[in-house]
Each structure stands twice: as structure tokens, then as C-alpha cells.
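> Sequence isn't available, so here's the structure alone:
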């Protein structure tokens, strides 16, 4: 088995009970939109340590798993709204599918990919070796699902109804996707739901 067959692509996403991953009017100044910051409260306060957060209870296990990933694939809009993470997301290669001419990379970790999401995921899995690949971004997640290259979803379900904003699964089309629930972890302010994509 090759390294990139062992590696799994995993979407990590905080989501409100009504399906939003950001409040309305998300932009560079408000990456989670108006009142969307509550979706990340489960992470706890920023610690300033290398990992950044120290979430309580079972959330610590989920956070440790995310920080053990060996590469990141992120949507261009998400990457830009996050300030491009200063060119570093937990010290692993970052792959950004993009169209047109990409900007100069912010660091040696940053790789703009212009030949599609499948190529970006293939490169990320090769870079990750036997570790998993972290996926960020709603539109990217939808593209990866349509392309059949998203393996698993870790949904951090937050008990709040945002009412409006950016939905996680808004433009998947008419075809349905089957998921298998493989783990449920309850923690303060969140339920972590892990799914395997089966079709």
C-alpha cells in the first residue's frame, strides 16, 4: 500500500445545529462572520503555546488528532480570510487549490495548486506520508466530496442556531452522499461527530 493510500483526508469543521460554519458577512476582519466566534468556543482560550489552544474534556483528544495531521488542504477563500496563517499551520505543508495566477507563497510550507482539487489532495497525501490530511473550507469540502476525494468528516456540532451565514453543505447538487457515523464524543459546549464517507 502506498503512503497516500494510508493517509486519510479529514474535514475538521465547527458547525451550528442549523448547519452554518460562519455567521453572515464573513470577511478578512470577521473570519467567522457576525456572531460566528461562538462556533470555536469549544477550543478554549488561546494559550500562546505551540499548539495554540487547550480545549477541555474529550475535545482535547479531537484537537490532538487534528494537530497530528501531516498536511493541510485549504480553500483559497478560507486561507485568505485566515490571513494565510502567516504561512504556517502547525508546521506542515499547506496546499491551496486555486485558479489563475497564484500570489507568491508566504513560506516554504505554502503550495498553490492550479490543476484541481484532486491534484491538491494527491500532493497533500504524498506530503503527509502515513499521517492524515486536514481539510479546511466549506466550498473546498463540497468540491472534494463531488470529486470523491474526501474520506472522513469530523464535525464539531455546537448547540447554537445562527439563523443565517455560510452553510457547510449548500451546493452539493442532486446526488446524495452516504456517511457512516464512526464516533460520537461529548464535551463541554460541543459534540464531536466523526463520519466516514461511504459513497
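Happy to help now that I have it. Quantities reported herein were computed from a predicted structural model and do not represent experimental measurements.

> okay, CA-based contacts and neighbour counts for the rest of this
Noted.

> quick one: the helices in the protein?
For the chain, applying DSSP state H gives helices covering 3-6, 59-67, 76-81, 117-128, 138-147.

> Number of residues surrounding residue 19?
The local packing of residue 19 (other C-alpha atoms under 10 Å) involves 21 other residues.

> Stretch 96-103: which residues count as buried?
Within stretch 96-103, the residues that count as buried by 16 or more other C-alpha atoms under 10 Å are 96, 97, 98.

> So what pairs up with the residue nearest to the spatial centre of the chain in the strands?
Closest residue to the average C-alpha location of the chain: residue 136 at 2.5 Å, with C-alpha atoms, centre = their mean. Beta-bridge partners for residue 136, by DSSP bridges, are residue 74.

> Check residue 156 too.
Beta-bridge partners of residue 156, as defined by DSSP bridges: residue 14, residue 192.

> need the helices of the chain in JSON lines with mean pLDDT, distance to residue 91 and mean neighbour count, can you?
Below are the helices of the chain laid out as JSON lines (pLDDT from 0 to 100; distance: least, C-alpha to C-alpha, whole Å; neighbours: other C-alpha atoms under 10 Å):
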{"stretch": "helix 3-6", "mean pLDDT": "62", "distance to residue 91": "19", "mean neighbour count": "15"}
{"stretch": "helix 59-67", "mean pLDDT": "94", "distance to residue 91": "9", "mean neighbour count": "17"}
{"stretch": "helix 76-81", "mean pLDDT": "88", "distance to residue 91": "15", "mean neighbour count": "18"}
{"stretch": "helix 117-128", "mean pLDDT": "97", "distance to residue 91": "12", "mean neighbour count": "21"}
{"stretch": "helix 138-147", "mean pLDDT": "93", "distance to residue 91": "21", "mean neighbour count": "20"}
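
> export these to TSV and tack on distance to residue 20?
Converted to TSV, these look like this (distance: least, C-alpha to C-alpha, whole Å):
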stretch	distance to residue 20
helix 3-6	31
helix 59-67	20
helix 76-81	15
helix 117-128	23
helix 138-147	10
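
> Mind checking these for the one nearest to residue 15?
helix 138-147 (10.5 Å; C-alpha to C-alpha).

> do you know which of the helices of the chain lies nearest residue 159?
Evaluated with C-alpha to C-alpha, the helices of the chain place helix 59-67 nearest to residue 159, the distance being 14.8 Å.

> In this structure, what residue spans correspond to strands?
Here the chain has its strands, by DSSP state E, at 9-16, 20-22, 71-74, 94-97, 110-113, 133-136, 152-158, 166-167, 179-187, 190-197.

> Could I get those strands in TSV, plus columns for mean pLDDT and distance to residue 81?
Formatted as TSV, the strands of the chain follow (pLDDT from 0 to 100; distance: least, C-alpha to C-alpha, whole Å):
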stretch	mean pLDDT	distance to residue 81
strand 9-16	97	15
strand 20-22	93	12
strand 71-74	96	11
strand 94-97	96	13
strand 110-113	95	15
strand 133-136	96	12
strand 152-158	98	20
strand 166-167	92	14
strand 179-187	97	28
strand 190-197	98	24
